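Q: Provide a 3D model corresponding to the input given below.
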Amino acid sequence: MLVESVSVPCCMTDNEMVRYLFGLGRFGLRLGLENIRRLLKILGNPEERFKGIHIAGTNGKGSTGAMIESMLRCAGYRTGLYTSPHLVDFRERITVAGEWISLQDFRQYFEFLLPAIEEFSCTFFEVMTAVAFAYFADIKVDFAVVETGLGGRLDATNILNPVLTVITEIGLDHTQELGSTVPEIAAEKAGIIKPGVDLVCSASLSAALEVFENTCRERQSRFFPVVREFRIENVKLTQEGTEFDLTTAQAKYPALRLSLLGDYQIRNAAAAIKVMELLQEQGFWIPWQAIYEGLWQTFWPGRLEIMQRDPVVVLDTAHNPDGVRHAVRAIQQIFDYEHLYFVVGILRDKNHKEMIATIASTADFVVTVTPNSSRALSASDLAAEAKKWTNNVRAEDDILRGFDRALKMACSDDLICVIGSHFTVSEVVRYYKSA
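A: Numbering: from 1, shown residues only. This next block holds a predicted model:
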């Protein structure tokens, strides 16, 4: 490892280190590249020592990144994947060949960077990004798939000079930081587009596509919009996965099978396949078998993830209006059930009124809970909003108590969906892991 011989003493235990990391939230949200440049310079600019694929977007970044990483791994490449947020363990954010970074490896980088973290008041995300890039470089990944944290233009990950960029679906989220309209948000995401670097785009809104197309023209980058250039046919949605035929300008892909549920994942898959085609064009070996196997082997937790049967329990981290609409529609399309229960917890800085309207107008019963976050919207406030749509609402501050209430009410042929903030879904994930 780069830092093994020069790490500084640190008297923190592992638990104290983790608490310290999460305590960096006291520095708030910071958009800008000054600190990440400082940290990466201290580490010897590791971002220059691997081939990056950079992904931005409102919805679908994580799923698309997971598909790209899986296909590259199936093609025989050593892969890194950097995503956020995490569900249960912060190390989920940094993986190589599908394995989390070890606590020991993370500690080496953390101890080495600690004086700079203190001096420059670095944020949690800046530290995680620096560690991820150093780890990818030291372990000599062939490709690193890197997801932005927020926006794009001023996101810490935008220090990368990638071989390809990807922008997924655009919607109204983080409007205080990124803008209140689709074109404004798209312009921030377009900040990851580098001169001469191809952009693959799975966004569907014309207002966003216009921004991306104009930016690509200005920066002399090729633009590949999925909705305009690909044909998707013979879609089959089941609880086991998604099957479809895809036709691109280069090839036909019959009977593709995707393990992730929901028709909205098809456009994410199409974008990931276009990335493979462009890498092939650059001279990298990506056999068809890797594309098919990689799609089917992709696993992305907390995205319409089935946790049990009788009754069916599904988890989804949809946390903005578009994400919730996609998740609810997918449940209606894929599952057969007698009654539909939702356990929902949302952060107060999200558009909770629009999200709960979609949920409560669909549900037979809603249990609202309070996420374990200082930014949480209380269960009682969310329940009051839900009651504008249905009287079948119960507020429970404790997430697991709310989930247990839904389990006790549901019969074997019903469906329970736990939806909303990662802070909500993560508690139920932990419940199943400890069972």
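Q: From now on I want contacts and neighbour counts done on CA atoms only, so please keep to that.
A: Will do.
Q: Identify all contacting residues around stretch 318-329.
A: 59, 171-173, 262, 264, 303-304, 316, 346, 350-352, 354-355, 358-359, 362, 419-422 (Cα atoms under 8 Å, 6 or more residues apart in numbering).
Q: One more: stretch 159-171?
A: For stretch 159-171, contacts defined as Cα under 8 Å, 6+ apart pick out 33, 36-37, 47-48, 51-61, 64, 182, 185-186, 189-190, 192-194, 197-205, 208, 268, 271, 275, 322.
Q: Which of the residues you listed fall in strands?
A: Within the contacts of stretch 159-171, residues falling in strands by DSSP state E are 51-56, 199-201.
Q: Report the contact partners of the nearest residue to residue 247 once chain neighbours are set aside.
A: Of all residues not flanking residue 247 in the chain, residue 231 sits nearest, at 5.0 Å (Cα to Cα, 6 or more residues apart in numbering). By Cα under 8 Å, 6+ apart, the contact set of residue 231 is 246-248.
Q: Name the residues that touch the helix or strand in which residue 146 is found?
A: Assessed by DSSP states H and E, residue 146 sits inside strand 143-147. Contacts to strand 143-147, defined as Cα under 8 Å, 6+ apart, come from residues 50-56, 61-62, 65, 68-69, 77-84, 136, 157.
Q: where does residue 118 land in three-state SS?
A: Following DSSP: H, G, I helix; E, B strand; the rest coil, we place residue 118 in the helix state.
Q: Isn't residue 356 up against residue 385?
A: Yes. Counting by Cα atoms under 8 Å, residue 356 touches residue 385, with 7.2 Å between them.
Q: what about residue 256, helix or strand, and which?
A: strand 252-258.
Q: Please read the previous query as pertaining to residue 405.
A: helix 399-409.
Q: Are there helices or strands packed against the helix or strand where residue 132 lies, and which ones?
A: If you go by DSSP H and E, residue 132 is part of helix 124-138. Contacts defined by 3 or more Cα pairs under 8 Å, 6 or more residues apart in numbering; DSSP states H and E place helix 124-138 against helix 14-23, helix 34-42, strand 79-82, helix 103-120.
Q: Please repeat the previous calculation with a cut-off of 7 Å.
A: Applying 3 or more Cα pairs under 7 Å, 6 or more residues apart in numbering; DSSP states H and E, one finds that helix 124-138 makes contact with helix 34-42.
Q: for the stretch 151-300 of the chain, what spans make up the helices?
A: Assigned by DSSP state H, counting those that start in this stretch, the helices in the stretch 151-300 of the chain fall at 175-178, 182-189, 206-218, 226-229, 264-281, 288-297.
Q: between the ones you listed, which gets nearest to residue 332?
A: Residue 332 lies closest, by Cα to Cα, to one member of those: helix 264-281, at 13.4 Å.
Q: So for that closest one, mean pLDDT?
A: What helix 264-281 shows for mean pLDDT is 97.
Q: quick check, distance from stretch 316-327 to the centre of its chain.
A: Put simply, stretch 316-327 sits 12 Å off its chain's centre (Cα atoms, centre = their mean, to the nearest Å).
Q: hey, C-alpha coordinates of that stretch in PDB?
A: Taking Å, rounded to 0.1, in the frame of the first residue of the first chain, the C-alpha atoms of stretch 316-327 are listed here in PDB:
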ATOM      1  CA  ASP A 316     -36.800   0.300  -1.900                       C
ATOM      2  CA  THR A 317     -34.700   3.400  -1.200                       C
ATOM      3  CA  ALA A 318     -36.700   5.700  -3.400                       C
ATOM      4  CA  HIS A 319     -36.300   9.100  -1.800                       C
ATOM      5  CA  ASN A 320     -37.600  11.600  -4.300                       C
ATOM      6  CA  PRO A 321     -40.900  11.900  -6.200                       C
ATOM      7  CA  ASP A 322     -39.700  10.300  -9.500                       C
ATOM      8  CA  GLY A 323     -38.100   7.400  -7.600                       C
ATOM      9  CA  VAL A 324     -41.200   6.700  -5.600                       C
ATOM     10  CA  ARG A 325     -43.400   6.800  -8.700                       C
ATOM     11  CA  HIS A 326     -41.100   4.300 -10.500                       C
ATOM     12  CA  ALA A 327     -41.100   2.000  -7.400                       C
END
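Q: now it: mean pLDDT?
A: Mean per-residue pLDDT for stretch 316-327: 93.
Q: Okay, now the unreliable bits of the protein?
A: Applying pLDDT under 70 to the chain flags residues 1-10, 26-29, 173-179.
Q: Walk me through which strands the strand holding residue 146 pairs with, and which way each runs.
A: For strand 143-147, the paired strands and their directions (DSSP bridges) read strand 51-56 (parallel), strand 79-82 (parallel).
Q: quick one: it to helix 124-138, angle?
A: Strand 143-147 runs at 170 degrees relative to helix 124-138, counting by axes from the mean of the first three to the mean of the last three Cα atoms, to 10 degrees.
Q: List the contacts of residue 107.
A: Not one residue lies near residue 107 by Cα atoms under 7 Å, 6 or more residues apart in numbering.
Q: what about it, distance to residue 227?
A: Using Cα to Cα, to the nearest Å, residue 107 is found at 44 Å from residue 227.
Q: Find the nearest non-adjacent residue to residue 191, please.
A: Per Cα to Cα, 6+ apart, closest to residue 191 is residue 153, 3.8 Å.
Q: you'd agree the one you found is up against residue 187?
A: No. Applying Cα atoms under 7 Å as the test, residue 153 and residue 187 come out as separate, 8.3 Å apart.
Q: Residue 356 and residue 385 - which one has more neighbours?
A: Taking neighbours as other Cα atoms under 10 Å, residue 356 and residue 385 compare with residue 356 leading, 26 against 17.
Q: what's the distance between the more buried one and residue 376?
A: Taking Cα to Cα, one finds residue 356 at 15 Å from residue 376.
Q: can you check residue 104 too?
A: 32 Å.
Q: Compare neighbour counts for the two and give me the winner.
A: Taking neighbours as other Cα under 10 Å, residue 104 and residue 376 compare with residue 376 leading, 19 against 10.
Q: ok, now which ones touch that one?
A: By Cα under 7 Å, 6+ apart, the residues touching residue 376 are 346-348, 370.
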